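In: the following block contains a protein sequence and its predicted model.
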Amino acid sequence: MGWYSPKKGLLLGSLFLLLSLAGCLKSAPEPVELRGRAMGTSYKILYLPTAETPEESEVQGMVALTLSQVEQKMSTYLKDSELSKLNQAVKPGVYPVSKETYRVLSEALTLGLESGGALDITVMPLVDLWGFGPTEQKGIPPEDQIQEALAKTGLDKLALDPKGGQIQKKTSNLTLDLSSIAKGYGVDQVSDLLKNLEIKNHMVEIGGEIRVLGERPGGGAWRIGIEEPVPEGGVNRVVELSDQSMATSGDYRNFFSEGGKNYSHTIDPHTGRPVIHDLTSVSVIHSSCMTADGWATALMVLGEKKGFQLAEKKGLAAYFIYRDKDSLKTRGTAAFNQLLNPEAGE
């Protein structure tokens, strides 16, 4: 799970595969591909440069700086990050936060309320207890420890100043984990950077969370594969995206087994335990990768039935892959089907 362990450290959100570009590129310039590591995982950027685009090395440096700034604010693995320092403040009270962290906290709380608490950024005590945090000591904890950790969580224990710039911890020992949403925010930040550099055709992927702008090399929408949630991989569905983001949450990459049973990294904030249902993967398409990231986690917590109902109610473009006995079945919301096949709605 790397940096953002509760959801995606071992490429947990990385359920996408950029499909091979078909055919030959029709015109210069050649696309530029950047690769690197950040936020505990790998990233890949593909873009079409123009005459005004900075040198490749300069773009790479700006990308690295952008992601480093996100880490320095929101990582739970860096002890000196803004979020880690905030978690180290154990007493109730009002604490200042940067505008960037406030923005992500605000979106997380909004999605938490809209999902009925399925997305809960206060679950860090439970994430650590089950071994999906920085300690990574996985195992089934005693019941009394689960209840003790559960008592420390809850969105009602956190408030944001509507004027911005500060938050209120209403109880002691309240700790926050933005791993369910901050990686998507990082994708958005890099995409915005490229856009500001007048790189209007690009794809940004960090640990599987993706945002695309404009057209792919060779022309046309970007073709992205949603991965088959099985050990051997493969592509389950191809989607064509332009000026959109897609994020996925799944249960089949980051888990531990004990007593013949698998325990997923996705913690249900209501029970304090890993989720138990048939949903194995859910992908959400949205203009904001941060928002798609948060919703993917929330729907994964809720499961195939409740998650699908909520996604339909909220008008989300979501794609569910779930187990049905010994096979996998899929289901897309009306918004997802309309997005990928607009003629069907006419």
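Out: Arrived safely, thanks for sending. What you see is a predicted model; the values in this text were computed from it and never measured. Residues are numbered from 1 along each chain as shown.
In: so who does the closest residue to K152 other than its chain neighbours touch?
Out: Distances taken as C-beta to C-beta, 6 or more residues apart in numbering put P125 closest to K152, at 4.7 Å, once the chain neighbours are dropped. (C-beta placed from N, C-alpha, C; glycine too.) Applying C-beta atoms under 8 Å, 6 or more residues apart in numbering, we find P125 in contact with 149-150, 152-153, 173, 175.
In: tabulate those (CSV), appending secondary structure and pLDDT.
Out: CSV is the format used below for the contacts of P125 (DSSP: H, G, I helix; E, B strand; the rest coil; pLDDT from 0 to 100):
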residue, secondary structure, pLDDT
A149, helix, 93
L150, helix, 95
K152, coil, 95
T153, coil, 96
N173, coil, 93
T175, coil, 96
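In: relative to A335, how far out is the closest residue in space to I226 that isn't next to it in sequence?
Out: Excluding its sequence neighbours, the residue lying closest to I226 (C-beta to C-beta, 6+ apart) is R237, at 4.6 Å. Distance, R237 to A335, using C-beta to C-beta, to the nearest Å: 15 Å.
In: following the lengthiest helix in the chain, which helix or strand comes up?
Out: When the chain is parsed with DSSP state H, its longest helix is helix 289-314. Note on helix 289-314: by DSSP states H and E, the next helix or strand toward the C-terminus is strand 317-324.
In: report the buried residues of that following strand.
Out: Across strand 317-324, burial judged by 16 or more other C-beta atoms under 10 Å covers 317-322.
In: please apply the same query to stretch 30-39.
Out: 31-32, 34, 38-39.
In: now it, how far from the centre of its chain.
Out: 19 Å (C-alpha atoms, centre = their mean, to the nearest Å).
In: quick check: which element contains the residue nearest to K152?
Out: helix 124-129.
In: ok, A159 next?
Out: strand 158-160.
In: for that strand, enumerate the helices and strands it packs against.
Out: On a contact count with 3 or more C-beta pairs under 8 Å, 6 or more residues apart in numbering; DSSP states H and E, strand 158-160 meets helix 99-114, strand 166-169.
In: great, nothing more from me.
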